[in-house]
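Asker: What follows is a protein structure lacking sequence information:
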């Protein structure tokens, strides 16, 4: 599935969820949600070394996906053409000294 289809799917899900919860997502609320998802990912990364008994391999995968999907929502809030911006960023990275 390409990024536009994934973004469309997550935005449709988010809209249904927001309607049920009577929430209006804007860039501020989406940022707060993204920060929460990053915190959950950070917790799993911490657990991996510091508290292995609490680490959950499936949970860390879910949290990475949550961060990506919430980032797709943020890109929509900011009216970004995500494919174009990602391609632009990749081209910029290729021009750095690492690739020479």
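Answerer: Alright, I've got the coordinates. Being a predicted model, the structure only gives us computed values, none of them experimental.
Asker: wait, isn't residue 54 in contact with residue 47?
Answerer: Yes - with contact defined as C-beta atoms under 8 Å, residue 54 counts as touching residue 47 (4.4 Å). Where you see a C-beta, it was placed from the backbone N, CA and C, and this is true even at glycine.
Asker: neighbour-wise, which of those two wins?
Answerer: residue 47 (16 against 12; other C-beta atoms under 10 Å).
Asker: Could you list which residues are in contact with that one?
Answerer: By C-beta atoms under 8 Å, 6 or more residues apart in numbering, the residues touching residue 47 are 54, 55, 56.
Asker: where's it, which helix or strand?
Answerer: helix 27-50 (DSSP states H and E).
Asker: Just the mean pLDDT for that helix, thanks.
Answerer: What helix 27-50 shows for mean pLDDT is 97.
Asker: So, low pLDDT: which residues of the protein?
Answerer: Within the chain, the segments meeting pLDDT under 70 span 99-100.
Asker: most centrally placed residue in it?
Answerer: Per C-alpha atoms, centre = their mean, the C-alpha nearest to the average position across the chain is that of residue 68, at 2.2 Å.
Asker: in the helix holding residue 47, what counts as buried?
Answerer: Applying a neighbour-count criterion of 16 or more other C-beta atoms under 10 Å, one finds 30, 33, 34, 37, 41, 43, 44, 47 buried in helix 27-50.
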